[in-house]
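Q: 3D, please:
(chains A and B)
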There are 2 protein chains.
Amino acid sequence: MTNRRSADNRTTRRRFLGDAAATLTGAALLSVAGCNEDMQRMSGRSSGSLIGAGSVVLFQGDSITDAGRNRRSEGNANDARAMGNGYALLAGAHLLAQYCAADLKVYNRGISGNKVFQLAERWDKDCLALKPDVVSILIGVNDIWHKLNGQYDGTAEIYQRDYHALLERTQRELPGVKLVICEPFVLRCGAVNDTWFPEFDSYRAAAKQVATEFGAVFVPFQAMFDEAVQSTASSYWAADGVHPTIAGASLMAQTWLDAVAKA
Amino acid sequence: MTNRRSADNRTTRRRFLGDAAATLTGAALLSVAGCNEDMQRMSGRSSGSLIGAGSVVLFQGDSITDAGRNRRSEGNANDARAMGNGYALLAGAHLLAQYCAADLKVYNRGISGNKVFQLAERWDKDCLALKPDVVSILIGVNDIWHKLNGQYDGTAEIYQRDYHALLERTQRELPGVKLVICEPFVLRCGAVNDTWFPEFDSYRAAAKQVATEFGAVFVPFQAMFDEAVQSTASSYWAADGVHPTIAGASLMAQTWLDAVAKA
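A: Numbers count the residues shown, from 1 in each chain, chains lettered A, B, ... in the order given. So this is what the prediction gives:
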(Lines give C-alpha, C1' and ligand atoms only; values in the text may rest on other atoms or scores of the structure.)
Protein backbone atom coordinates (compact mmCIF):
# COMPACT_ATOMS: atom_id res chain seq x y z
CA MET A 1 0.00 0.00 0.00
CA THR A 2 1.95 2.96 -1.26
CA ASN A 3 1.10 6.61 -1.30
CA ARG A 4 0.23 7.06 -4.92
CA ARG A 5 -1.34 10.32 -5.79
CA SER A 6 -1.41 12.06 -9.09
CA ALA A 7 -2.60 15.24 -10.66
CA ASP A 8 -6.13 15.16 -11.85
CA ASN A 9 -6.42 15.38 -15.60
CA ARG A 10 -10.09 16.09 -15.91
CA THR A 11 -11.27 18.90 -18.05
CA THR A 12 -14.04 20.94 -16.56
CA ARG A 13 -16.32 23.86 -17.14
CA ARG A 14 -14.48 27.11 -17.68
CA ARG A 15 -16.08 29.37 -15.14
CA PHE A 16 -14.60 32.03 -12.98
CA LEU A 17 -14.48 31.83 -9.24
CA GLY A 18 -14.93 35.48 -8.38
CA ASP A 19 -18.02 35.42 -6.26
CA ALA A 20 -17.37 31.97 -4.96
CA ALA A 21 -13.95 32.96 -3.74
CA ALA A 22 -15.53 35.83 -1.89
CA THR A 23 -17.56 33.34 0.10
CA LEU A 24 -14.35 32.10 1.69
CA THR A 25 -14.30 35.13 3.92
CA GLY A 26 -16.18 34.33 7.05
CA ALA A 27 -17.76 31.43 5.28
CA ALA A 28 -18.58 28.08 6.71
CA LEU A 29 -15.84 25.53 6.81
CA LEU A 30 -15.62 23.14 3.91
CA SER A 31 -18.52 20.86 3.39
CA VAL A 32 -18.83 17.99 0.97
CA ALA A 33 -21.47 19.81 -0.97
CA GLY A 34 -19.59 23.08 -0.71
CA CYS A 35 -17.74 22.93 -3.98
CA ASN A 36 -20.87 22.12 -5.90
CA GLU A 37 -22.73 25.00 -4.33
CA ASP A 38 -19.81 27.29 -4.99
CA MET A 39 -19.72 26.30 -8.62
CA GLN A 40 -23.46 26.74 -8.98
CA ARG A 41 -23.22 30.18 -7.44
CA MET A 42 -20.63 31.13 -10.05
CA SER A 43 -22.69 29.92 -12.95
CA GLY A 44 -22.73 32.38 -15.78
CA ARG A 45 -20.55 34.88 -14.01
CA SER A 46 -17.11 36.09 -14.76
CA SER A 47 -14.85 38.57 -13.06
CA GLY A 48 -11.31 39.69 -12.78
CA SER A 49 -11.02 37.78 -9.54
CA LEU A 50 -7.76 36.23 -8.52
CA ILE A 51 -8.43 32.54 -8.95
CA GLY A 52 -10.41 31.25 -11.87
CA ALA A 53 -11.46 27.88 -13.17
CA GLY A 54 -8.42 26.18 -14.62
CA SER A 55 -6.04 28.45 -12.74
CA VAL A 56 -2.47 27.39 -12.15
CA VAL A 57 -1.50 28.55 -8.66
CA LEU A 58 2.18 28.69 -7.69
CA PHE A 59 3.56 29.08 -4.16
CA GLN A 60 7.11 30.42 -4.15
CA GLY A 61 9.53 31.31 -1.39
CA ASP A 62 12.05 29.95 1.08
CA SER A 63 11.94 27.20 3.71
CA ILE A 64 8.64 28.42 5.14
CA THR A 65 7.02 27.67 1.79
CA ASP A 66 9.23 24.66 1.04
CA ALA A 67 8.27 22.99 4.34
CA GLY A 68 9.93 19.69 3.52
CA ARG A 69 8.41 19.21 0.06
CA ASN A 70 9.61 16.30 -2.06
CA ARG A 71 11.59 17.76 -4.98
CA ARG A 72 11.17 14.59 -7.07
CA SER A 73 7.40 15.09 -7.18
CA GLU A 74 7.47 18.79 -7.95
CA GLY A 75 6.38 18.32 -11.55
CA ASN A 76 3.01 16.95 -10.43
CA ALA A 77 0.32 19.50 -9.70
CA ASN A 78 -1.74 18.96 -6.54
CA ASP A 79 0.62 16.26 -5.27
CA ALA A 80 0.68 15.98 -1.48
CA ARG A 81 4.36 15.12 -1.25
CA ALA A 82 5.29 17.98 -3.57
CA MET A 83 3.38 20.46 -1.42
CA GLY A 84 5.37 19.97 1.81
CA ASN A 85 3.62 20.26 5.14
CA GLY A 86 3.35 24.00 5.64
CA TYR A 87 0.94 26.79 4.77
CA ALA A 88 1.19 26.08 1.02
CA LEU A 89 -0.17 22.56 1.54
CA LEU A 90 -2.86 23.73 3.94
CA ALA A 91 -4.02 26.57 1.68
CA GLY A 92 -3.71 24.51 -1.49
CA ALA A 93 -5.66 21.58 -0.05
CA HIS A 94 -8.43 23.94 0.99
CA LEU A 95 -8.61 25.54 -2.47
CA LEU A 96 -8.72 22.16 -4.19
CA ALA A 97 -11.53 20.85 -2.00
CA GLN A 98 -13.53 24.07 -1.97
CA TYR A 99 -13.34 24.51 -5.75
CA CYS A 100 -13.44 20.87 -6.73
CA ALA A 101 -15.04 21.55 -10.09
CA ALA A 102 -12.55 24.26 -11.03
CA ASP A 103 -9.68 22.07 -12.26
CA LEU A 104 -7.08 24.07 -10.34
CA LYS A 105 -3.43 23.12 -10.54
CA VAL A 106 -1.40 23.96 -7.45
CA TYR A 107 2.39 23.86 -7.23
CA ASN A 108 4.93 24.57 -4.50
CA ARG A 109 8.44 25.57 -5.55
CA GLY A 110 9.75 27.13 -2.35
CA ILE A 111 13.40 26.33 -1.59
CA SER A 112 14.92 26.46 1.86
CA GLY A 113 17.46 29.21 2.41
CA ASN A 114 16.44 31.31 -0.59
CA LYS A 115 16.80 35.06 -0.74
CA VAL A 116 15.06 37.15 -3.38
CA PHE A 117 18.00 37.09 -5.80
CA GLN A 118 17.97 33.30 -5.65
CA LEU A 119 14.35 33.24 -6.72
CA ALA A 120 15.42 35.29 -9.73
CA GLU A 121 18.14 32.78 -10.58
CA ARG A 122 15.67 29.93 -10.89
CA TRP A 123 12.63 31.89 -12.08
CA ASP A 124 12.60 30.55 -15.64
CA LYS A 125 12.36 26.96 -14.46
CA ASP A 126 10.46 27.37 -11.20
CA CYS A 127 7.94 30.01 -12.22
CA LEU A 128 7.70 31.05 -15.87
CA ALA A 129 7.83 27.51 -17.26
CA LEU A 130 4.74 26.58 -15.23
CA LYS A 131 2.76 29.43 -16.85
CA PRO A 132 1.04 30.24 -13.55
CA ASP A 133 -2.09 32.38 -13.40
CA VAL A 134 -1.44 33.20 -9.75
CA VAL A 135 2.04 33.59 -8.24
CA SER A 136 2.28 33.81 -4.46
CA ILE A 137 5.67 34.78 -3.02
CA LEU A 138 6.94 34.75 0.56
CA ILE A 139 10.57 35.87 0.64
CA GLY A 140 12.75 38.10 2.78
CA VAL A 141 13.62 36.55 6.11
CA ASN A 142 16.88 35.09 4.78
CA ASP A 143 17.76 38.39 3.11
CA ILE A 144 18.18 39.85 6.60
CA TRP A 145 19.01 36.69 8.59
CA HIS A 146 21.95 35.72 6.40
CA LYS A 147 23.20 39.29 6.63
CA LEU A 148 22.96 39.27 10.43
CA ASN A 149 24.95 36.04 10.62
CA GLY A 150 27.58 37.28 8.19
CA GLN A 151 26.75 35.06 5.21
CA TYR A 152 25.37 37.78 2.97
CA ASP A 153 25.95 41.47 2.41
CA GLY A 154 22.53 42.54 1.14
CA THR A 155 20.43 45.40 2.45
CA ALA A 156 16.73 46.24 2.51
CA GLU A 157 17.34 48.46 -0.53
CA ILE A 158 18.91 45.59 -2.46
CA TYR A 159 16.03 43.33 -1.40
CA GLN A 160 13.51 45.86 -2.69
CA ARG A 161 15.41 46.45 -5.92
CA ASP A 162 15.73 42.74 -6.64
CA TYR A 163 12.10 42.11 -5.68
CA HIS A 164 10.97 44.92 -7.98
CA ALA A 165 12.98 43.50 -10.87
CA LEU A 166 11.59 40.02 -10.27
CA LEU A 167 7.99 41.20 -10.35
CA GLU A 168 8.59 43.39 -13.40
CA ARG A 169 10.01 40.40 -15.22
CA THR A 170 7.12 38.23 -14.06
CA GLN A 171 4.48 40.62 -15.35
CA ARG A 172 6.36 41.05 -18.63
CA GLU A 173 6.71 37.32 -19.25
CA LEU A 174 3.27 36.36 -17.93
CA PRO A 175 0.83 39.04 -19.09
CA GLY A 176 -2.24 39.09 -16.85
CA VAL A 177 -0.59 37.14 -14.05
CA LYS A 178 -2.06 37.78 -10.59
CA LEU A 179 0.51 38.40 -7.87
CA VAL A 180 0.23 37.64 -4.16
CA ILE A 181 2.99 39.15 -2.02
CA CYS A 182 3.24 37.68 1.47
CA GLU A 183 4.67 39.85 4.21
CA PRO A 184 7.93 38.53 5.69
CA PHE A 185 7.52 37.96 9.41
CA VAL A 186 9.42 36.96 12.52
CA LEU A 187 8.38 36.22 16.08
CA ARG A 188 10.51 37.36 19.00
CA CYS A 189 11.86 34.03 20.19
CA GLY A 190 14.45 31.42 19.22
CA ALA A 191 16.85 32.84 16.66
CA VAL A 192 15.18 36.25 16.59
CA ASN A 193 16.51 38.82 19.04
CA ASP A 194 16.78 42.59 19.29
CA THR A 195 19.54 42.76 16.68
CA TRP A 196 16.87 42.16 14.01
CA PHE A 197 15.13 45.45 14.79
CA PRO A 198 14.32 47.98 13.54
CA GLU A 199 16.04 46.76 10.35
CA PHE A 200 13.57 43.92 9.83
CA ASP A 201 10.73 46.41 9.60
CA SER A 202 12.32 47.93 6.50
CA TYR A 203 12.20 44.57 4.74
CA ARG A 204 8.52 44.28 5.58
CA ALA A 205 7.94 47.81 4.30
CA ALA A 206 9.81 46.98 1.10
CA ALA A 207 7.58 43.96 0.47
CA LYS A 208 4.51 46.08 1.08
CA GLN A 209 5.76 48.74 -1.29
CA VAL A 210 6.44 46.38 -4.19
CA ALA A 211 3.04 44.80 -3.59
CA THR A 212 1.44 48.21 -3.99
CA GLU A 213 3.52 49.10 -7.05
CA PHE A 214 2.54 45.93 -8.86
CA GLY A 215 -1.09 45.81 -7.79
CA ALA A 216 -0.50 42.59 -5.88
CA VAL A 217 -2.59 41.14 -3.09
CA PHE A 218 -0.68 41.69 0.15
CA VAL A 219 -0.94 39.03 2.87
CA PRO A 220 -0.22 40.62 6.28
CA PHE A 221 1.48 37.74 8.09
CA GLN A 222 3.34 39.96 10.56
CA ALA A 223 0.14 41.64 11.71
CA MET A 224 -1.46 38.22 12.03
CA PHE A 225 1.32 36.85 14.22
CA ASP A 226 1.51 40.09 16.22
CA GLU A 227 -2.12 39.54 17.11
CA ALA A 228 -1.67 35.82 17.77
CA VAL A 229 1.14 36.35 20.29
CA GLN A 230 -1.04 38.64 22.38
CA SER A 231 -2.45 35.57 24.09
CA THR A 232 -0.25 32.64 23.15
CA ALA A 233 3.53 32.32 23.40
CA SER A 234 5.53 33.21 20.29
CA SER A 235 7.13 29.77 20.34
CA TYR A 236 3.71 28.16 19.94
CA TRP A 237 3.46 29.74 16.48
CA ALA A 238 7.14 29.52 15.46
CA ALA A 239 9.50 27.72 17.83
CA ASP A 240 12.64 29.36 16.45
CA GLY A 241 10.97 32.67 15.63
CA VAL A 242 11.19 32.04 11.88
CA HIS A 243 9.69 28.67 10.95
CA PRO A 244 6.02 28.29 11.81
CA THR A 245 4.72 25.32 13.72
CA ILE A 246 1.69 23.60 12.25
CA ALA A 247 -0.48 25.88 14.36
CA GLY A 248 1.30 28.87 12.81
CA ALA A 249 1.04 27.37 9.34
CA SER A 250 -2.68 26.87 9.86
CA LEU A 251 -3.19 30.53 10.73
CA MET A 252 -1.06 31.52 7.73
CA ALA A 253 -3.12 29.38 5.36
CA GLN A 254 -6.31 30.95 6.63
CA THR A 255 -4.95 34.47 6.33
CA TRP A 256 -3.70 33.71 2.82
CA LEU A 257 -7.11 32.34 1.80
CA ASP A 258 -8.85 35.36 3.31
CA ALA A 259 -6.58 37.84 1.53
CA VAL A 260 -7.00 36.08 -1.81
CA ALA A 261 -10.76 35.83 -1.37
CA LYS A 262 -11.03 39.56 -0.74
CA ALA A 263 -9.00 40.45 -3.82
CA MET B 1 17.71 27.78 7.20
CA THR B 2 16.41 24.44 8.34
CA ASN B 3 12.91 23.34 9.22
CA ARG B 4 13.13 23.27 12.96
CA ARG B 5 9.86 22.85 14.72
CA SER B 6 9.22 21.53 18.16
CA ALA B 7 6.39 20.79 20.50
CA ASP B 8 5.32 23.64 22.64
CA ASN B 9 5.92 23.13 26.31
CA ARG B 10 3.75 25.84 27.71
CA THR B 11 1.41 25.10 30.52
CA THR B 12 -1.99 26.64 30.21
CA ARG B 13 -5.36 26.97 31.83
CA ARG B 14 -7.12 23.68 32.37
CA ARG B 15 -10.45 24.32 30.80
CA PHE B 16 -12.63 22.09 28.72
CA LEU B 17 -13.41 22.72 25.10
CA GLY B 18 -16.96 21.44 24.98
CA ASP B 19 -18.81 24.48 23.78
CA ALA B 20 -15.89 25.84 21.85
CA ALA B 21 -15.59 22.61 19.92
CA ALA B 22 -19.24 22.87 19.03
CA THR B 23 -18.49 26.15 17.32
CA LEU B 24 -16.45 24.27 14.74
CA THR B 25 -19.67 23.10 13.12
CA GLY B 26 -20.70 25.61 10.56
CA ALA B 27 -18.42 28.09 12.22
CA ALA B 28 -16.33 30.72 10.57
CA LEU B 29 -12.96 29.68 9.29
CA LEU B 30 -10.01 30.18 11.59
CA SER B 31 -9.23 33.70 12.53
CA VAL B 32 -6.28 34.98 14.46
CA ALA B 33 -8.46 35.99 17.33
CA GLY B 34 -10.51 32.84 17.07
CA CYS B 35 -8.66 30.78 19.63
CA ASN B 36 -8.85 33.53 22.21
CA GLU B 37 -12.57 33.94 21.68
CA ASP B 38 -13.04 30.21 21.85
CA MET B 39 -11.17 30.01 25.12
CA GLN B 40 -13.13 32.91 26.55
CA ARG B 41 -16.36 31.24 25.55
CA MET B 42 -15.31 28.15 27.49
CA SER B 43 -14.47 30.03 30.62
CA GLY B 44 -15.85 28.39 33.71
CA ARG B 45 -17.46 25.58 31.79
CA SER B 46 -16.72 21.91 31.77
CA SER B 47 -18.27 19.04 29.90
CA GLY B 48 -17.72 15.50 28.85
CA SER B 49 -16.81 16.76 25.41
CA LEU B 50 -14.28 14.93 23.33
CA ILE B 51 -11.33 17.28 23.33
CA GLY B 52 -10.32 19.14 26.45
CA ALA B 53 -7.57 21.52 27.43
CA GLY B 54 -4.36 19.54 27.69
CA SER B 55 -5.75 16.69 25.61
CA VAL B 56 -3.39 14.26 23.90
CA VAL B 57 -4.90 13.42 20.52
CA LEU B 58 -3.64 10.37 18.61
CA PHE B 59 -4.31 9.57 14.96
CA GLN B 60 -3.88 5.88 14.19
CA GLY B 61 -4.30 3.82 11.06
CA ASP B 62 -2.69 2.74 7.80
CA SER B 63 -1.10 4.64 4.91
CA ILE B 64 -4.02 7.06 4.65
CA THR B 65 -3.20 8.28 8.15
CA ASP B 66 0.57 7.77 7.77
CA ALA B 67 0.66 9.96 4.64
CA GLY B 68 4.44 10.05 4.44
CA ARG B 69 5.10 11.04 8.04
CA ASN B 70 8.70 11.13 9.28
CA ARG B 71 9.14 8.25 11.74
CA ARG B 72 12.21 9.85 13.31
CA SER B 73 10.14 12.78 14.54
CA GLU B 74 7.22 10.76 15.83
CA GLY B 75 8.12 11.35 19.47
CA ASN B 76 7.48 15.08 19.11
CA ALA B 77 3.90 16.23 19.57
CA ASN B 78 2.58 18.76 17.04
CA ASP B 79 5.59 18.30 14.75
CA ALA B 80 4.82 18.99 11.09
CA ARG B 81 7.13 16.32 9.74
CA ALA B 82 5.76 13.74 12.16
CA MET B 83 2.19 14.46 11.03
CA GLY B 84 2.62 13.52 7.35
CA ASN B 85 0.69 15.41 4.71
CA GLY B 86 -2.76 13.85 4.90
CA TYR B 87 -5.98 14.36 6.83
CA ALA B 88 -4.23 13.92 10.21
CA LEU B 89 -1.99 16.92 9.53
CA LEU B 90 -4.85 19.01 8.18
CA ALA B 91 -7.17 18.22 11.09
CA GLY B 92 -4.41 18.48 13.68
CA ALA B 93 -3.17 21.82 12.37
CA HIS B 94 -6.70 23.18 12.53
CA LEU B 95 -7.21 21.97 16.11
CA LEU B 96 -3.91 23.48 17.23
CA ALA B 97 -4.64 26.87 15.72
CA GLN B 98 -8.28 26.99 16.74
CA TYR B 99 -7.55 26.01 20.34
CA CYS B 100 -4.22 27.74 20.73
CA ALA B 101 -4.63 28.22 24.46
CA ALA B 102 -5.55 24.59 25.11
CA ASP B 103 -2.06 23.04 25.14
CA LEU B 104 -3.12 20.13 22.93
CA LYS B 105 -0.63 17.46 21.97
CA VAL B 106 -1.28 15.82 18.62
CA TYR B 107 0.44 12.66 17.35
CA ASN B 108 0.24 10.60 14.18
CA ARG B 109 1.23 6.93 14.38
CA GLY B 110 -0.38 5.56 11.24
CA ILE B 111 1.73 2.98 9.41
CA SER B 112 1.36 2.18 5.73
CA GLY B 113 0.00 -1.29 4.96
CA ASN B 114 -1.42 -1.93 8.42
CA LYS B 115 -4.42 -4.12 9.06
CA VAL B 116 -6.25 -4.12 12.37
CA PHE B 117 -4.22 -6.99 13.86
CA GLN B 118 -1.05 -5.04 13.11
CA LEU B 119 -2.33 -2.10 15.10
CA ALA B 120 -2.79 -4.51 18.00
CA GLU B 121 0.81 -5.74 17.67
CA ARG B 122 2.21 -2.24 18.18
CA TRP B 123 -0.51 -0.82 20.45
CA ASP B 124 1.60 -0.71 23.63
CA LYS B 125 4.23 1.48 21.99
CA ASP B 126 2.14 3.40 19.48
CA CYS B 127 -0.95 4.09 21.56
CA LEU B 128 -0.96 3.19 25.25
CA ALA B 129 2.50 4.62 25.97
CA LEU B 130 1.35 8.03 24.73
CA LYS B 131 -1.53 8.02 27.26
CA PRO B 132 -3.87 9.63 24.74
CA ASP B 133 -7.14 11.23 25.80
CA VAL B 134 -8.54 10.88 22.29
CA VAL B 135 -7.72 7.97 19.97
CA SER B 136 -8.83 8.26 16.34
CA ILE B 137 -8.54 5.11 14.21
CA LEU B 138 -8.92 4.62 10.47
CA ILE B 139 -8.29 0.98 9.58
CA GLY B 140 -9.80 -1.63 7.30
CA VAL B 141 -8.99 -1.07 3.66
CA ASN B 142 -5.92 -3.33 3.80
CA ASP B 143 -7.87 -5.99 5.67
CA ILE B 144 -9.89 -6.53 2.50
CA TRP B 145 -7.38 -5.34 -0.12
CA HIS B 146 -4.62 -7.71 1.00
CA LYS B 147 -7.17 -10.52 1.00
CA LEU B 148 -8.30 -9.70 -2.53
CA ASN B 149 -4.71 -9.75 -3.78
CA GLY B 150 -3.92 -13.01 -2.00
CA GLN B 151 -1.58 -11.67 0.70
CA TYR B 152 -3.91 -12.21 3.65
CA ASP B 153 -6.64 -14.64 4.61
CA GLY B 154 -8.74 -12.45 6.91
CA THR B 155 -12.48 -11.88 6.72
CA ALA B 156 -14.85 -9.14 7.80
CA GLU B 157 -15.64 -11.26 10.86
CA ILE B 158 -11.96 -11.46 11.82
CA TYR B 159 -11.63 -7.71 11.24
CA GLN B 160 -14.56 -7.02 13.53
CA ARG B 161 -13.35 -9.47 16.20
CA ASP B 162 -9.83 -8.01 16.18
CA TYR B 163 -11.17 -4.44 16.17
CA HIS B 164 -13.46 -5.25 19.10
CA ALA B 165 -10.56 -6.73 21.07
CA LEU B 166 -8.37 -3.70 20.31
CA LEU B 167 -10.98 -1.23 21.55
CA GLU B 168 -11.75 -3.33 24.63
CA ARG B 169 -8.05 -3.34 25.49
CA THR B 170 -7.82 0.39 24.84
CA GLN B 171 -10.70 1.24 27.16
CA ARG B 172 -9.34 -1.11 29.82
CA GLU B 173 -5.82 0.34 29.71
CA LEU B 174 -6.89 3.96 29.26
CA PRO B 175 -9.95 4.52 31.45
CA GLY B 176 -11.97 7.46 30.17
CA VAL B 177 -10.35 7.51 26.75
CA LYS B 178 -12.49 8.99 23.99
CA LEU B 179 -12.61 6.92 20.80
CA VAL B 180 -13.10 8.14 17.24
CA ILE B 181 -13.73 5.39 14.69
CA CYS B 182 -13.32 6.46 11.08
CA GLU B 183 -15.28 4.61 8.43
CA PRO B 184 -13.10 2.72 5.94
CA PHE B 185 -13.82 3.95 2.43
CA VAL B 186 -12.97 3.33 -1.21
CA LEU B 187 -13.77 5.16 -4.42
CA ARG B 188 -14.58 3.26 -7.59
CA CYS B 189 -11.48 3.95 -9.62
CA GLY B 190 -7.84 2.91 -9.80
CA ALA B 191 -7.27 -0.27 -7.82
CA VAL B 192 -10.90 -0.55 -6.75
CA ASN B 193 -13.17 -2.58 -9.02
CA ASP B 194 -16.33 -4.68 -8.72
CA THR B 195 -14.51 -7.53 -6.97
CA TRP B 196 -14.46 -5.38 -3.82
CA PHE B 197 -18.25 -5.42 -3.53
CA PRO B 198 -20.44 -6.18 -1.74
CA GLU B 199 -17.75 -7.55 0.62
CA PHE B 200 -16.29 -4.12 1.34
CA ASP B 201 -19.63 -2.98 2.73
CA SER B 202 -19.37 -5.59 5.47
CA TYR B 203 -16.08 -4.09 6.64
CA ARG B 204 -17.71 -0.67 6.80
CA ALA B 205 -20.62 -2.14 8.73
CA ALA B 206 -18.21 -3.84 11.13
CA ALA B 207 -16.45 -0.52 11.85
CA LYS B 208 -19.79 1.13 12.44
CA GLN B 209 -20.87 -1.66 14.77
CA VAL B 210 -17.76 -1.52 16.96
CA ALA B 211 -18.10 2.27 17.08
CA THR B 212 -21.61 1.86 18.44
CA GLU B 213 -20.60 -0.85 20.92
CA PHE B 214 -17.84 1.27 22.38
CA GLY B 215 -19.65 4.60 22.35
CA ALA B 216 -17.17 6.01 19.84
CA VAL B 217 -17.62 8.97 17.55
CA PHE B 218 -18.14 7.59 14.03
CA VAL B 219 -16.72 9.56 11.11
CA PRO B 220 -18.68 8.72 7.94
CA PHE B 221 -15.96 9.00 5.30
CA GLN B 222 -17.70 6.70 2.79
CA ALA B 223 -20.88 8.76 2.86
CA MET B 224 -18.77 11.89 2.45
CA PHE B 225 -16.96 10.56 -0.62
CA ASP B 226 -20.18 9.10 -2.05
CA GLU B 227 -21.57 12.63 -2.00
CA ALA B 228 -18.38 14.20 -3.32
CA VAL B 229 -18.27 11.95 -6.40
CA GLN B 230 -21.76 13.01 -7.42
CA SER B 231 -20.23 16.00 -9.15
CA THR B 232 -16.50 15.44 -9.33
CA ALA B 233 -14.62 12.41 -10.66
CA SER B 234 -13.63 9.76 -8.10
CA SER B 235 -10.01 10.12 -9.14
CA TYR B 236 -10.05 13.77 -8.07
CA TRP B 237 -10.57 12.63 -4.49
CA ALA B 238 -8.46 9.45 -4.56
CA ALA B 239 -6.51 8.72 -7.74
CA ASP B 240 -6.12 5.00 -7.02
CA GLY B 241 -9.46 4.65 -5.26
CA VAL B 242 -7.80 4.15 -1.87
CA HIS B 243 -5.35 6.97 -1.11
CA PRO B 244 -6.89 10.43 -0.97
CA THR B 245 -5.48 13.32 -2.93
CA ILE B 246 -4.95 16.53 -0.97
CA ALA B 247 -8.45 17.58 -2.03
CA GLY B 248 -9.78 14.32 -0.56
CA ALA B 249 -7.66 14.73 2.57
CA SER B 250 -9.04 18.24 3.01
CA LEU B 251 -12.63 16.97 2.91
CA MET B 252 -11.70 14.20 5.34
CA ALA B 253 -10.16 16.63 7.81
CA GLN B 254 -13.26 18.78 7.73
CA THR B 255 -15.59 15.81 8.20
CA TRP B 256 -13.42 14.56 11.06
CA LEU B 257 -13.50 17.99 12.74
CA ASP B 258 -17.26 18.21 12.27
CA ALA B 259 -17.87 14.75 13.73
CA VAL B 260 -15.65 15.44 16.73
CA ALA B 261 -17.24 18.84 17.30
CA LYS B 262 -20.70 17.31 17.37
CA ALA B 263 -19.71 14.62 19.87
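
Q: Show the average pLDDT along stretch A:157-177.
A: Taken as a whole, stretch A:157-177 has a mean pLDDT of 98.

Q: try stretch A:75-89
A: Stretch A:75-89 shows a mean pLDDT of 97 in the predicted model.

Q: Go through that stretch and flag the buried ones.
A: The neighbour-count check on stretch A:75-89 (16 or more other Cβ atoms under 10 Å in any protein chain shown) flags A:76-89 as buried. Heads up, the C-betas are built off the backbone N, CA and C, glycines and all.

Q: ok, now stretch A:183-201?
A: For stretch A:183-201, burial by neighbour count (16+ other Cβ under 10 Å) applies to A:183-192, A:196, A:200.

Q: Quick check: the gap between A:Asp194 and chain B.
A: Going from A:Asp194 to chain B by Cβ to the nearest Cβ, to the nearest Å gives 20 Å.

Q: Hmm, I typed the wrong one, I wanted A:Phe197.
A: Applying Cβ to the nearest Cβ, the value for A:Phe197 to chain B is 19 Å.

Q: Now for the buried residues of stretch A:75-89: which two are most distant?
A: Of all pairs drawn from these, the one with the longest distance (Cβ to Cβ) is A:Asn76 and A:Tyr87, at 19.5 Å.

Q: So which residues of chain A form helices?
A: A:18-22, A:34-42, A:63-66, A:87-98, A:116-121, A:123-126, A:141-148, A:156-173, A:199-213, A:221-228, A:234-237, A:246-262 (DSSP state H).

Q: angle of the longest one against helix A:199-213?
A: Using axes from the mean of the first three to the mean of the last three Cα atoms, to 10 degrees, the inter-axis angle of helix A:156-173 relative to helix A:199-213 is 20 degrees.

Q: swap in the fourth one?
A: Orientation of helix A:87-98 against helix A:199-213 (the same axes, to 10 degrees) gives an angle of 30 degrees.

Q: Can you confirm whether helix A:87-98 lies near chain B?
A: Yes. In this structure, helix A:87-98 sits against chain B according to Cβ under 8 Å from any Cβ of the partner chain; the contacting residues are A:89-90, A:92-94, A:96-97.

Q: Contacts only, for A:Glu74.
A: Listed by Cβ atoms under 8 Å, 6 or more residues apart in numbering or on different chains, the contact partners of A:Glu74 are A:82, A:107-109.

Q: isn't A:Ala211 right up against A:Arg204?
A: No. Because the distance of 10.7 Å does not satisfy Cβ atoms under 8 Å, A:Ala211 is recorded as not touching A:Arg204.

Q: who in the stretch 151-263 of chain A is up against chain B?
A: Close to chain B, as judged by Cβ under 8 Å from any Cβ, the stretch 151-263 of chain A has residues A:224, A:227-228, A:230-233, A:235-236, A:239-240, A:242-251, A:253-255, A:257-258.

Q: Can you go through those residues and name the buried ones?
A: The neighbour count (16+ other Cβ under 10 Å) marks A:224, A:228, A:232-233, A:235-236, A:239-240, A:242-251, A:253-255, A:257-258 as buried among these.

Q: what stretches of the stretch 1-150 of chain A score poorly on pLDDT?
A: When the per-residue scores of the stretch 1-150 of chain A are filtered using pLDDT under 70, the ranges that remain are A:1-48.

Q: switch to 80 and redo it
A: Counting by pLDDT under 80, the stretch 1-150 of chain A shows low-confidence ranges at A:1-49.

Q: tally of neighbours for A:Glu157?
A: 10 (other Cβ atoms under 10 Å in any protein chain shown).

Q: Excluding chain neighbours, give the residue nearest to it in space.
A: Leaving out its chain neighbours, the residue that sits closest to A:Glu157 by Cβ to Cβ, 6 or more residues apart in numbering or on different chains is A:Ala206, at 7.9 Å.

Q: my read: that neighbour touches A:Ile158, true?
A: No. Distance between A:Ala206 and A:Ile158: 9.6 Å, which falls outside the contact criterion (Cβ under 8 Å).

Q: Counting neighbours, go ahead and name the busier of those two.
A: Set side by side, A:Ala206 and A:Ile158 give different neighbour counts by other Cβ under 10 Å, the larger being at A:Ala206 (24 against 17).

Q: Distance-wise, check that one relative to B:Leu148.
A: Going from A:Ala206 to B:Leu148 by Cβ to Cβ, to the nearest Å gives 59 Å.

Q: quick one: pLDDT of the nearest residue to A:Leu90 once chain neighbours are set aside?
A: Spatial nearest neighbour of A:Leu90, excluding adjacent residues (Cβ to Cβ, 6+ apart): A:Ala253 at 3.6 Å. pLDDT, A:Ala253: 97.

Q: quick one: A:Ala253 and B:Asn85, what's the gap?
A: 13 Å.

Q: Kindly report the same for A:Leu179.
A: Note on A:Leu179: its distance to B:Asn85, by Cβ to Cβ, is 26 Å.

Q: Assess the claim that A:Gly248 and A:Asp240 are in contact.
A: No. Assessed by Cβ under 8 Å, A:Gly248 is found out of contact with A:Asp240, at 11.1 Å.

Q: and A:Asp124, how many neighbours?
A: One way to gauge burial is a neighbour count; for A:Asp124, by other Cβ under 10 Å, it gives 11.

Q: same question, A:Lys262
A: Look at A:Lys262: counted by other Cβ under 10 Å, it has 12 neighbours.

Q: separation between it and chain B?
A: For A:Lys262, the distance to chain B under the criterion Cβ to the nearest Cβ works out to 13 Å.

Q: And A:Asn149, by the same measure?
A: Distance check for A:Asn149 against chain B: by Cβ to the nearest Cβ, it reads 10 Å.

Q: check contacts around that residue.
A: By Cβ under 8 Å, 6+ apart, A:Asn149 has no neighbours at all.

Q: try 10 Å this time
A: A:Asn149 makes contact with A:191, A:195, according to Cβ atoms under 10 Å, 6 or more residues apart in numbering or on different chains.
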